[in-house]
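Q: prediction below, plus the sequence it came from.
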Amino acid sequence: MTCARAWVAAAIMFAALAGLVLVAFSVGRFPVAAGDLASVLWAGLTGREHGLDPTIETVVLKIRGPRVAAALLIGAALAAAGAAYQNMFRNPLVSPDILGVSAGAAVGAVLGIFLSLNMIMIQSLAFAFGLGAVGLVYVTANAVRGHDPLLVLVLAGVVVGSLLGACVALMKYLADPYNQLPAITFWLLGSLASASPEDVWSALPLMLLGLVPMWLLRWRINLLALEDEEARALGVETGRIRFIVIAAATLMTSAAVAISGVIGWIGLIIPHFARMLVGPDFSRLLPVSVLLGAAFLLGVDTLARTVARIEIPLGVLTAFVGTPLFLWQLAAARRGWQ
């Protein structure tokens with residue numbers, strides 16, 4: 001894809017994302033007209049009075065605003081992490097939870113619910129356990145010598161993820177079936193219903209801290225798609241770059257999962273769509289994945305809270321939407337993965 005076509009595609013995606021944001025703010029059990037939405041947002045920016053029903057301000061700024069912002073951040077973070085992992089592992093079936101970050105975050109959150117801790121502590125434990133799980137995978141993989149390091153890393157992630165899954169199952173078995181078990185099940189299915197401004201502001205710097213190194217190293221990340229010997233011959237320290245990419249992607253994924261719970265498919269299918277649009281060049285793939293991931297999760301979350309009388313868990317809806325999209329991608333693919 002030429003540079004001009006890439007810019008045109010980016011402009012179209014920005015416009016589509018802006019339209020989705022407008023729809024997300026407007027629809028729901030309490031509809032908000034576009035004019036009222038503009039008045040509330042302008043009043044919030046300028047500090048002036050908007051003269052509307054205070055309920056509209058509450059819905060826009062305190063209920064839907066944090067939820068829309070969280071959907072944009074989490075979708076962008078999971079898609080960026082998925083693009084980085086797929087490029088680094090040279091495998092199109094890799095997703096952000098391949099190294100156990102989602103399983104680790106699930107253990108932390110379930111432990112917090114099991115111990116009847118508050119939401120801040122639950123999110124903190126989810127974040128800490130997500131990072132700890134990937135750290136354990138990385139240490140385990142480094143302890144194994146004489147094999148393909150990428151293969152060992154993936155196998156270590158599968159093993160640690162299975163162990164953490166058993167821990168979650170044990171706590172679900174021991175949990176109070178009337179209070180704790182429903183809360184555990186709901187968190188594991190994923191939701192943005194409880195997203196708050198504090199969640200957004202606490203996750204934003206962590207996600208930026210993960211995204212910035214990926215952007216700065218975008219040319220070197222391209223070379224990770226080569227064999228290690230070829231990349232090192234071009235002057236790239238593959239071990240160091242791979243560690244930075246894993247740390248950055250894990251930081252973003254842990255911050256996302258700590259807020260929303262476990263949400264699958266975004267980090268798997270969105271990089272594929274981005275690659276179909278702009279090719280495998282990571283300098284173009286990363287921003288397009290960020291835009292598509294943000295738009296996808298915002299659209300799915302809007303459906304989750306409007307398509308039925310009760311809210312559908314995000315993990316369920318992303319699976320229903322993601323499965324046919326992924327099958328369509330497989331059917332439409334005319335060439336191998338690049």
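A: Structure's in. What do you need? This structure is a prediction, so every number in the text was calculated from the model and none was measured.
Q: now the helices for the stretch 201-338 of the chain?
A: 218-223, 228-233, 238-260, 266-278, 282-306, 314-332 (DSSP state H, counting those that start in this stretch).
Q: can you give me the buried ones in the fifth one?
A: The reference is to helix 282-306. For helix 282-306, burial by neighbour count (16 or more other C-beta atoms under 10 Å) applies to 282, 284-305. Bear in mind the C-beta positions are built from the backbone N, C-alpha and C, glycine included.
Q: any low-confidence regions in the protein?
A: 1-6, 145-146, 332-338 (pLDDT under 70).
Q: mind jotting down where the strands sit in this protein?
A: For the chain, strands defined by DSSP state E do not occur.
Q: in it, which residue is closest to the centre?
A: residue 78 (2.4 Å; C-alpha atoms, centre = their mean).
Q: from residue 318, how far out is that residue?
A: 10 Å (C-beta to C-beta, to the nearest Å).
Q: who's sitting farthest from the centroid in this structure?
A: Residue of the chain lying farthest from the centroid, by C-alpha atoms, centre = their mean: residue 51 (37.6 Å).
Q: got phi/psi on that residue?
A: phi 70, psi 20 (degrees, to the nearest 10).
Q: and for it, nearest residue in space, chain neighbours not counted?
A: Residue nearest to residue 51 in three dimensions, not counting chain neighbours: residue 39, with 7.7 Å by C-beta to C-beta, 6 or more residues apart in numbering.
Q: how far away is that neighbour from residue 227?
A: In terms of C-beta to C-beta, residue 39 sits 58 Å off from residue 227.
Q: still on that earlier bit, need the overlap of contacts for residue 78 and residue 318.
A: Counting by C-beta atoms under 8 Å, 6 or more residues apart in numbering, the common neighbours of residue 78 and residue 318 are 263, 266, 297.
Q: now render those as CSV, adding distance to residue 115.
A: Listed next are the shared contacts of residue 78 and residue 318 as CSV, based on distance: C-beta to C-beta, whole Å:
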residue, distance to residue 115
263, 24
266, 29
297, 29
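Q: quick one, what contacts residue 16?
A: residue 295.
Q: nope, residue 249 is what I was after
A: 80, 81, 84, 85, 96, 210, 214.
Q: now with 7 Å, please.
A: Counting by C-beta atoms under 7 Å, 6 or more residues apart in numbering, residue 249 touches 81, 84, 85, 96, 210.
Q: ok, back up a step: my guess is the residue nearest to residue 51 contacts residue 52, does it?
A: Yes: using C-beta atoms under 7 Å, residue 39 is in contact with residue 52, at 6.1 Å.
Q: before we move on, back to that, just give me the closest of the shared contacts of residue 78 and residue 318 to residue 314.
A: The shortest approach to residue 314 among these belongs to residue 263, at 5.2 Å (C-beta to C-beta).
Q: count of residues packed around that closest one?
A: 30 (other C-beta atoms under 10 Å).
Q: got the contact list for it?
A: Contacts of residue 263 (C-beta under 7 Å, 6+ apart): 78, 190, 314, 315, 318.
Q: which residue sits closest to the fourth one in space, ignoring its chain neighbours?
A: Spatially, and ignoring its direct neighbours in sequence, residue 315 is nearest to residue 190 (3.7 Å; C-beta to C-beta, 6+ apart).
Q: quick one, phi psi at that neighbour?
A: Residue torsions, per degrees, to the nearest 10, at residue 190 are phi 90, psi 130.
Q: can you get me the start-to-end distance on stretch 173-193?
A: For stretch 173-193, the first and last residues are 25 Å from each other (C-alpha to C-alpha, to the nearest Å).
Q: contacts made by that stretch with the rest, please.
A: 67, 70-71, 106, 109-110, 113-114, 172, 260-263, 301, 311, 313-316.
Q: ok, back up a step: tell me the two of the contacts of residue 249 that are most distant?
A: 85 and 210 (12.2 Å).
Q: is it possible to get JSON lines of the contacts of residue 249 that adds distance to residue 62?
A: Shown next, in JSON lines, are these (distance: C-beta to C-beta, whole Å):
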{"residue": "81", "distance to residue 62": "29"}
{"residue": "84", "distance to residue 62": "34"}
{"residue": "85", "distance to residue 62": "35"}
{"residue": "96", "distance to residue 62": "30"}
{"residue": "210", "distance to residue 62": "28"}
